[in-house]
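**Q** From the sequence below, what's the structure:
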Amino acid sequence: MIIVADLGRFKAYRITQDELQPDSSPAFEDLADVNLENLHSKVSERVTDKAGRFSYGAGSISVGERHNEEKEAEEQQLQSIAGNIDQVAGKGNQSIYLAAPQTIIRHLINALEPQVRNRIRRNLALNLVKAPKLELLERFELA
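**A** Have a look, this model is predicted:
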């Protein structure tokens, strides 16, 4: 199983090989293609309230700032991706090949359930979400 993810998208493929024709190219079965863009967007795109941006004169009240909102949104996104991976990969027992950007791959692996994490045979710190399927085979050295 090949899984590729970034903070906005998650894809999972099962690789099958025709046993009668071992020289043929492997086939990709799409298991999941989840777009998570709505959860990971800029704060200005998620929040429409402009309170606190400008002073409204003497005696105006500050509404407060959300200093950790970006970090919390990223953590929520990672948990969502890990949950999707656990759901798709938890059903089988095949080896897992995982690719995610370097900034998130360690956190993503740590967020996975132990039985899924233990099946990861190779992980790449690359964003391969938009890569062609045959390139995935080359990157994981499966071709």
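**Q** what are the bridge partners for the spatially closest residue to V34 that is not a sequence neighbour, then?
**A** Distances taken as Cβ to Cβ, 6 or more residues apart in numbering place F10 nearest to V34, at 4.6 Å, with adjacent residues excluded. C-beta: built from backbone N, CA, C; applies to glycine. Beta-bridge partners for F10, by DSSP bridges, are A5, V34.
**Q** how many neighbours does F10 have?
**A** By other Cβ atoms under 10 Å, 24 other residues sit near F10.
**Q** same question, A100
**A** By other Cβ under 10 Å, neighbour count at A100 equals 27.
**Q** Which residues are in contact with it?
**A** V4, A5, D6, L108, N123, L124, A125, L126, N127 (Cβ atoms under 8 Å, 6 or more residues apart in numbering).
**Q** that older thread, quick one: the residue nearest to V34 from V4, how far?
**A** Distance, F10 to V4, by Cβ to Cβ, to the nearest Å: 8 Å.
**Q** Quick one: low-confidence residue ranges for this protein.
**A** 22, 37-67, 143 (pLDDT under 70).
**Q** What is the neighbour count of Q76?
**A** Other residues close to Q76 by other Cβ under 10 Å number 13.
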